[in-house]
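**Q** Curious how this folds, go ahead:
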Amino acid sequence: MKNENNPKPFQLPDAILAQLNEFSNGGYILVRMGEGENPPEIFLQSDNPIISIGLIEYLRCWCNSLQSVNETSITETMMGQIGDDDDDEEENDEE
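**A** All right, here's what the predicted structure looks like:
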């Protein structure tokens, strides 16, 4: 991390990436949040292009599934809020 005592931004040590690769069974994709206004950093390591393609495709499917789950959750929340508003209106009409 960047601070007053150490003006250099944080860099993930190569030793950590090497250890991660050692235990990854052929490859990994690591996403790390960037500092400040910097974009996230993405590290991809694989033993061959086929594994890279597989990792990327799996991550793409995972992201699509997560987006679908989030959309469903948001829709359910919105519908619940709309239902609550309708219930309030019905109670007011009955009075």
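**Q** Mind jotting down where the strands sit in the chain?
**A** 27-32, 41-46 (DSSP state E).
**Q** Pipe the ones you listed into a markdown table and attach mean neighbour count and mean pLDDT per row.
**A** All C-beta atoms are positioned from the backbone trio N, CA, C, and that covers glycine. Converted to a markdown table, those look like this (neighbours: other C-beta atoms under 10 Å; pLDDT from 0 to 100):
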| stretch | mean neighbour count | mean pLDDT |
| --- | --- | --- |
| strand 27-32 | 14 | 95 |
| strand 41-46 | 14 | 94 |
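**Q** Please tell me how far the residue nearest to the spatial centre of the chain sits from T77.
**A** Taking C-alpha atoms, centre = their mean, the centroid of the chain lies closest to C63, which sits 7.6 Å from it. As defined by C-beta to C-beta, to the nearest Å, C63 lies at a distance of 21 Å from T77.
**Q** likewise S65?
**A** According to C-beta to C-beta, S65 stands 19 Å off from T77.
**Q** Output the below-cut-off pLDDT ranges for the protein.
**A** The model of the chain has pLDDT under 70 over residues 1-7, 85-95.
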